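Student: Predicted model and sequence below, questions to follow.
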Amino acid sequence: MTRVQWLLVRGERGNPATRLDDRRADGAAWSRGSEARPLVHGAAYFAELLAAVEAMGEGDLLLFTDWRGDRDERLDGPGTEIGAVLCRAAERGVMVKGLLWRSHLDSLHFSEEENLRFGKELARAGGECLLDMRVRPGGSHHQKLVVLRHRDRPEQDVAYVGGIDLCHNRNDDAEHRGDRQSLRLAAPYGPHPPWHDVQLALRGPVVGDVEAVFRERWEDPSPLSRSPLTRLRERMHQEDVDADPLPPQTPDPEPCGTHTVQLLRTYPNRLLHGYPFAPDGERSIARGYLKALRRARALIYLEDQYLWSPRVVAGFAEALRRNPGLRMIGVVPVHPDQDGPLTLPMNLIGRINALSELRGAGGDRVAVYGLENHSGTPVYVHAKVCVIDDVWASVGSDNINLRSWTHDSELGCAVLDETADPRRPRDPGGLGDGARVFARELRLELMREHLDLAPPDEGGGGPGEGEEAGQAPGGADDGSLCDPVAAFEAFRAAAEALDAWYDGGRRGPRPPGRLRRYGPPDLPPARRLLARPLHRVLVDPDGRPMRLRWGKRF
């Protein structure tokens, strides 16, 4: 396996202004010798983050960016509210610096006031958190990262990157009963929406890369907002609008693992004056996906909050057309998070068109599923994960849509493991790359949960009665799931069994698994006509320069 066939080499990022590819003496556009460890669900991430922050002391450095911050969100019970945890760290002498998206008005179901309160609470404790509105009109800062650097213990340095915000709804676990501190979603999700999400814990040299991403934004001299009204509110509220200097960045942590990690990003082509670190924007997430998809031969496994935009899924569709043995599994929310008379059609039209494109290319080799918990409540899939042929894996803040690939700020990690997986099939794609431990184990961990299969060392099976322990419908077990075809069929069989149980009036024991086959509802022609332009302008805008739009390039 060669990294240059799967990852972006220097120049392919398309953004020569960033320092990210100039940090290493060997000129590599990625970090070798790192460790990437998936933390599935907010409960696992929050508990680890709490312990790591509580262990920090004077002179250490904590950096974070987020889309939304709820200062009262508990990481692990009373007294562990994220605002209080960060304030205690600042009071101990930890340098705490944060960037929160300023957000739109709370009356529009966004979080401007909550993000403002978070920043003021942290400032009183000696930290600093700025509200960053340096985005395109209608855009957001969607990156979710935390960096912990230790003055005297560099071996403890860690960064967290993925899809999990430090806010309400996120603190859920594999049982999917939902976070007790909840924000309302569409009615089918109930008062405490079940939430499925993934974050990466990163150690080794890649921690320095994540810190460099934060520093580029922090050191941007541009005003935090161009809006005269916003700048007036900043003065009225006496907001901090000037980033204090950071100490010089310390050397990267020593190598500690077998993973090569490449940070991929989106920044928009910001009108008038662009970002100094991305004056034309950056679309390396799009470019990274499209390069990896050209090597897809066996199975694309995708978990995504949206999966909409035909212009984005075109790369997936092309891979399906080129390779008749390629299969694709998508796991998505059954219902959009908003169900209003105007917002629901806007959300649905993009997915309807995207799935039509995929199924036109791959036919029955494309299967899309929603999730539910064992009580039958839909699970909101917020994860942003892709695994290709058990070789390349991506986890980040980015969704499969045009907004994430071109318009908002995003951060993702592409991971290649140096360690080959010995289980069969040893080379699913047939290109000589060989299955890799990280990518395969990430896929299997997620599939086990959705099929109600216990990990191999725990034994036992899911909660369904009458099934053989440790097996999903159709006889799939952990070993057979390594095979792409068997994994594809295991998902199909589990979803068919659960759908049939519902169709039969829920008589008898509930079959194991949480999978329901997803079929987007149809929209009447008049609603489609209205929804299509609103989707393009409001829901899934394009942040590319015009020359790239015209050339249909990223």
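Tutor: In hand now; what should we look at?
Student: Could you check how far stretch 395-404 is from the centre of its chain?
Tutor: 7 Å (CA atoms, centre = their mean, to the nearest Å).
Student: where are the low-confidence patches of the stretch 1-150 of the chain?
Tutor: Under the criterion of pLDDT under 70, the regions of the stretch 1-150 of the chain flagged as low confidence span 1, 104-112.
Student: how about 80 then?
Tutor: Applying pLDDT under 80 to the stretch 1-150 of the chain picks out residues 1, 103-116.
Student: mind listing the helices in it by residue range?
Tutor: 3-6, 42-54, 82-91, 112-124 (DSSP state H, counting those that start in this stretch).
Student: how about those in TSV, adding mean neighbour count and distance to Arg510?
Tutor: The way it works is simple: take the backbone N, C-alpha and C, and place the C-beta from them, glycine included. Supplementary listing: the helices of the stretch 1-150 of the chain in TSV, determined by neighbours: other CB atoms under 10 Å; distance: least, CB to CB, whole Å:
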stretch	mean neighbour count	distance to Arg510
helix 3-6	17	41
helix 42-54	20	24
helix 82-91	20	36
helix 112-124	20	38
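Student: Those helices: which one's closest to Leu453?
Tutor: Closest approach to Leu453 among the helices of the stretch 1-150 of the chain is made by helix 42-54 (18.2 Å; CB to CB).
Student: May I have the phi/psi pair for the nearest residue to Leu299 once chain neighbours are set aside?
Tutor: Sequence neighbours aside, Pro484 is the residue nearest to Leu299 in space, at 3.6 Å (criterion: CB to CB, 6 or more residues apart in numbering). As for Pro484, its main-chain torsions (degrees, to the nearest 10) stand at phi -60, psi -40.
Student: so what's Pro484 scoring on pLDDT?
Tutor: At Pro484, the predicted lDDT confidence score is 97.
Student: closest to Asn269 out of the helices of the stretch 1-150 of the chain?
Tutor: Ranking these by proximity to Asn269 (CB to CB) places helix 112-124 first, at 24.8 Å.
Student: relative to helix 82-91, how tilted is that closest one?
Tutor: 20 degrees (axes from the mean of the first three to the mean of the last three CA atoms, to 10 degrees).
Student: Format the helices of the stretch 1-150 of the chain as JSON lines; extra columns: distance to Arg514.
Tutor: Putting these into JSON lines (distance: least, CB to CB, whole Å) gives the following:
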{"stretch": "helix 3-6", "distance to Arg514": "31"}
{"stretch": "helix 42-54", "distance to Arg514": "17"}
{"stretch": "helix 82-91", "distance to Arg514": "28"}
{"stretch": "helix 112-124", "distance to Arg514": "31"}
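Student: closest to Arg32 out of those helices?
Tutor: Ranking the helices of the stretch 1-150 of the chain by their distance to Arg32 (criterion: CB to CB) puts helix 3-6 first, at 8.5 Å.
Student: name the helices or strands packed onto the closest one?
Tutor: Using 3 or more CB pairs under 8 Å, 6 or more residues apart in numbering; DSSP states H and E as the contact criterion, the elements in contact with helix 3-6 are strand 410-417.
Student: after the strand it packs on comes which helix or strand?
Tutor: Note on strand 410-417: by DSSP states H and E, the next helix or strand toward the C-terminus is helix 437-451.
Student: now the angle between strand 410-417 and that following helix, please.
Tutor: Calculated by the same axes, to 10 degrees, helix 437-451 forms an angle of 110 degrees with strand 410-417.
Student: Just list what helix 437-451 packs against, helices and strands only.
Tutor: Counting contacts by 3+ CB pairs under 8 Å, 6+ apart, helix 437-451 is packed against strand 31-40, strand 299-303, strand 385-388, strand 392-396, strand 410-417, helix 484-503.
Student: List the buried residues in the least confident helix or strand in the chain by mean pLDDT.
Tutor: The helix or strand of the chain with the poorest confidence is helix 228-236; it has a mean of 78 (mean pLDDT, DSSP states H and E). Residues of helix 228-236 classed as buried by neighbour count (16 or more other CB atoms under 10 Å): 230-231, 233-234.
Student: which element follows that helix toward the C-terminus?
Tutor: Using DSSP H and E, the helix or strand that directly follows helix 228-236 along the chain is strand 259-267.
Student: Show me the shaky parts of the protein.
Tutor: Short version for the chain, where the test is pLDDT under 80: 1, 103-116, 230-238, 240, 457-479.
Student: that older thread, wait, which of the buried residues of helix 228-236 is closest to Leu50?
Tutor: Using CB to CB, the shortest approach to Leu50 within these belongs to Glu234, at 31.6 Å.
Student: and that closest one, what does it touch?
Tutor: In this structure, Glu234 makes contact with 224-225, 241, judged by CB atoms under 8 Å, 6 or more residues apart in numbering.
Student: try 10 Å this time
Tutor: In this structure, Glu234 makes contact with 102, 116, 131, 133, 223-225, 227, 240-241, judged by CB atoms under 10 Å, 6 or more residues apart in numbering.
Student: want to throw those residues into CSV with distance to Ala414?
Tutor: Formatted as CSV, those follow (distance: CB to CB, whole Å):
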residue, distance to Ala414
Arg102, 29
Leu116, 34
Leu131, 30
Met133, 29
Pro223, 33
Leu224, 30
Ser225, 32
Ser227, 35
Asp240, 35
Val241, 34
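Student: Of those, which count as buried by neighbour count?
Tutor: Applying a neighbour-count criterion of 16+ other CB under 10 Å, the buried members of those are 102, 116, 131, 133, 224-225, 240.
Student: taking the residues you listed one by one, which sit in strands?
Tutor: Using DSSP state E, the members of these that fall in strands are Leu131.
Student: could you dump the buried ones among the contacts of Glu234 to TSV with distance to Ser375?
Tutor: As requested, the buried ones among the contacts of Glu234 are exported to TSV (distance: CB to CB, whole Å):
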residue	distance to Ser375
Arg102	37
Leu116	36
Leu131	38
Met133	40
Leu224	44
Ser225	44
Asp240	45
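Student: Neighbours of the closest residue to Val210 other than its chain neighbours, how many?
Tutor: Taking CB to CB, 6+ apart, and ignoring the residues beside it in sequence, Val210 has Ala159 as its nearest neighbour in space, at 3.9 Å. Number of residues near Ala159 (other CB atoms under 10 Å) recorded here: 28.
Student: which residues sit in contact with Ala159?
Tutor: 34, 63, 145-149, 200-204, 206-211, 213-214, 253, 261, 263, 413.
Student: at 6 Å instead, please
Tutor: Counting by CB atoms under 6 Å, 6 or more residues apart in numbering, Ala159 touches 147, 202, 207, 210.
Student: and the next element down the chain from whichever strand or helix holds it?
Tutor: Taking DSSP H and E as the definition, one finds Ala159 inside strand 158-162. Tracing the chain C-terminally past strand 158-162 and defining elements by DSSP H and E, one meets strand 195-196 next.
Student: re the thing from before, mind checking which of the contacts of Ala159 are in strands?
Tutor: 147, 202.
Student: Closest to Arg516 out of the contacts of Ala159?
Tutor: When the contacts of Ala159 are ranked by distance to Arg516 (CB to CB), Leu202 comes first, at 33.2 Å.
Student: Just grab the bridge partners of the closest one for me.
Tutor: Beta-bridge partners of Leu202, counted by DSSP bridges, are Ala36, Ala159.
Student: measure stretch 55-66 end to end?
Tutor: The first and final residues of stretch 55-66 sit 22 Å from each other (CA to CA, to the nearest Å).
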